[in-house]
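# My questions concern the predicted model and sequence given below.
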Amino acid sequence: METIADIGRNARTGGYRRDAWSSADLELREWFRGAAAARRLDLDEDRNGNLWAWWGSPTVPGVVTGSHLDSVRDGGAFDGPLGVVSAFQAVDALRARGFRPARPLGIVCFTDEEGARFGVPCVGSRLLTGVMPAERARGLTDDDGNRLEEVLAAQGRSPAALGRDEETLGRIGMFVELHVEQGRALAVPVGVASAIWPHGRWRLDFRGRADHAGTTALSDRDDPMPAYASAVLRARELAERLGVLATFGKVRVEPGNANAIPSLVAAWLDARGPEEAKVRRLVDELTQDTDVICESWTPEVAFDVPLRDRLAGLLGAPVLPTGAGHDAGILASAGVPSAMIFVRNPTGVSHSPAEFAEPADCEAGVAALATVLEDLCRA
């Protein structure tokens with residue numbers, strides 16, 4: 001973790017800016033290539049930009065582990081990178097005790113898991129599995145108006161190649177993702193995930209008429225800001241009543257002048273919870289009179305029960321659900337047997353510079369992952 005600790009770090013906040021295909025992301029991708037080369041692993045980049053490092057030729061479906069290296073803006077050091085670093089460390093641990101896998105063992109770095117730049121999470125795994133149509137992905141734009149297809153072309157990659165990748169999917173017999181826990185439910189160093197709550201992201205557009213802040217009477221204004229403010233308060237009220245979570249974490253105001261009434265307030269709602277019907281009810285009630293676009297939706301994902309129970313038994317670990325989305329959930333929803341190992345987060349803080357895991361717990365996570373991979377790769 002120390003070798004990548006300064007990549008993309010904001011000196012002012014201490015958080016990380018590792019948007020997909022940014023200079024920081026490209027530097028991290030080169031670090032991944034170097035880590036694979038140092039261990040004499042065979043490296044491959046698939047048609048959607050996901051990176052794969054293989055111990056053994058993947059001529060038959062293998063066991064894959066890993067995570068992602070991008071971050072939310074001003075995010076923490078552990079969300080994503082801990083899973084990738086731990087995967088390489090687990091390979092080192094297995095080799096140190098003379099283990100040789102009977103089936104291929106892969107390490108993956110998924111592209112754009114957080115969706116910080118283009119607004120949709122898990123782009124790499126959604127494209128790989130065909131959950132996201134390639135045409136939609138090519139048309140995604142960032143805050144500066146750059147289309148994903150243009151960004152990829154500038155990086156020497158083919159936007160036309162995006163889409164479901166049967167060849168790569170065929171190499172994944174099962175997937176185990178290690179991740180820092182993003183709450184305080186875990187009281188011991190490691191746990192195993194049972195399921196991911198249903199969750200989605202919606203853009204709400206509140207429209208009005210731009211006008212002068214100093215000369216337009218309150219009675220003459222068509223100001224969308226009060227409607228947005230009411231929606232924030234209404235979302236909190238509905239979430240408390242329904243027992244779900246609702247967050248407005250991103251807002252764009254146009255034209256964005258401090259001395260002008262806005263013509264548009266675009267706001268992004270994140271809603272999730274243990275019951276899909278209640279999440280959808282919140283969104284429906286909140287958006288009855290508002291222009292709304294669903295940017296992403298993931299139903300509840302229950303991880304493969306035999307694999308989950310196998311991991312829990314091997315590790316003597318508790319099983320717990322999570323409200324956070326992951327690439328493992330996308331693969332699981334596409335039929336790939338998948339599971340997750342969580343490493344304790346003593347503060348429960350995530351998507352923040354304050355995100356933390358004790359070194360001893362991280363080491364316990366590596367040991368747990370190595371135990372699991374050794375067991376899964378014996379046959």
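Sure, I can see it.

# Please count neighbours and contacts with C-alpha atoms only from this point.
Will do.

# From residue 254, how far off is residue 222?
14 Å (C-alpha to C-alpha, to the nearest Å).

# Break this protein down into its structural domains.
If you go by automatic domain parsing, the domain ranges for the chain are 12-197+300-376, 200-297.

# chain center to the longest one: distance?
Put plainly, it is domain 12-197+300-376. Offset of domain 12-197+300-376 from its chain centre (C-alpha atoms, centre = their mean, to the nearest Å): 8 Å.

# tell me the mean pLDDT for that domain?
In this model, domain 12-197+300-376 has a mean pLDDT of 97.

# still on that earlier bit, between residue 222 and residue 254, tell me which one has more neighbours.
Between residue 222 and residue 254, counted using other C-alpha atoms under 10 Å, residue 222 has the larger neighbour count: 17 against 14.

# can I assume that one sits in a helix?
No: secondary structure of residue 222 (DSSP: H, G, I helix; E, B strand; the rest coil): coil, not part of a helix.

# Am I right that it is in contact with residue 213?
No: contact between residue 222 and residue 213 fails when scored by C-alpha atoms under 8 Å: they sit 11.6 Å apart.

# who's residue 207 bridged to?
Bridge pairing for residue 207 (DSSP bridges) gives the partners residue 264.

# show me where the stretch 251-379 of the chain has strands.
With strands called from DSSP state E, counting those that start in this stretch, the stretch 251-379 of the chain shows them at 260-261, 264-272, 291-298, 301-302, 319-322, 338-343.

# Out of these, indicate the one that is most buried.
Neighbour counts (mean count of other C-alpha atoms under 10 Å) averaged over each of the strands of the stretch 251-379 of the chain peak at strand 338-343, with a mean of 28.

# Identify all contacting residues around that one.
The contact list for strand 338-343, computed with C-alpha atoms under 8 Å, 6 or more residues apart in numbering, reads 174-181, 189-193, 303-304, 307-308, 328-329, 331-332, 357, 361-362, 365, 369.

# Pull the number of nearby residues for residue 31.
14.

# got the contact list for residue 113?
Here residue 113 is in contact with 68, 70-71, 121-125, 326-327 (C-alpha under 8 Å, 6+ apart).

# For the stretch 151-300 of the chain, which segments count as helices?
166-169, 225-242, 276-286 (DSSP state H, counting those that start in this stretch).

# related to what we said a few turns ago, with distance to residue 144 as added columns, please give the strands of the stretch 251-379 of the chain in JSON lines.
As requested, the strands of the stretch 251-379 of the chain are exported to JSON lines (distance: least, C-alpha to C-alpha, whole Å):
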{"stretch": "strand 260-261", "distance to residue 144": "22"}
{"stretch": "strand 264-272", "distance to residue 144": "15"}
{"stretch": "strand 291-298", "distance to residue 144": "18"}
{"stretch": "strand 301-302", "distance to residue 144": "33"}
{"stretch": "strand 319-322", "distance to residue 144": "33"}
{"stretch": "strand 338-343", "distance to residue 144": "35"}
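
# So which of the ones you listed is nearest residue 200?
Taking C-alpha to C-alpha, strand 291-298 is the member of those nearest to residue 200, at 4.2 Å.

# so what does that closest one touch, helix or strand wise?
strand 199-207 (3 or more C-alpha pairs under 8 Å, 6 or more residues apart in numbering; DSSP states H and E).

# by contact count, what packs against the strand it packs on?
helix 225-242, strand 264-272, strand 291-298.

# Might you report the residue contacts of residue 87?
Neighbours of residue 87 in contact, by C-alpha under 8 Å, 6+ apart: 65-66, 107, 366, 369.

# And the furthest pair within these?
107 and 366 (13.6 Å).

# of those two, who's got more company?
residue 107 (29 against 26).

# List the contacts of that one.
52-54, 64-66, 84, 87-88.

# now with 6 Å?
52-53, 64-66 (C-alpha atoms under 6 Å, 6 or more residues apart in numbering).

# thinking again about what came up before, could I get the helices of the stretch 151-300 of the chain as a markdown table with distance to residue 322 and mean neighbour count?
Shown next, in a markdown table, are those (distance: least, C-alpha to C-alpha, whole Å; neighbours: other C-alpha atoms under 10 Å):
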| stretch | distance to residue 322 | mean neighbour count |
| --- | --- | --- |
| helix 166-169 | 25 | 14 |
| helix 225-242 | 17 | 16 |
| helix 276-286 | 14 | 17 |
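
# Which one, of the ones you listed, ends up nearest to residue 26?
Once these are compared by C-alpha to C-alpha, helix 166-169 is nearest, at 21.7 Å.

# Tell me the one of the contacts of residue 113 nearest residue 58?
Looking across the contacts of residue 113 and measuring by C-alpha to C-alpha, the closest to residue 58 is residue 125, at 18.6 Å.

# secondary structure element for that closest one?
helix 123-129 (DSSP states H and E).

# in that helix, what's buried?
123-129 (16 or more other C-alpha atoms under 10 Å).

# C-terminal to that helix, what's the next element?
Downstream of helix 123-129, the first helix or strand assigned by DSSP H and E is helix 134-139.

# okay, that following helix in CSV with CA atoms only?
C-alpha atoms of helix 134-139 as CSV (Å, rounded to 0.1, in the frame of the first residue of the first chain):
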residue,chain,number,x,y,z
ALA,A,134,-21.6,-0.8,-25.3
GLU,A,135,-23.3,2.0,-27.1
ARG,A,136,-24.4,3.5,-23.8
ALA,A,137,-20.9,3.2,-22.4
ARG,A,138,-19.4,5.0,-25.5
GLY,A,139,-21.7,7.9,-25.0
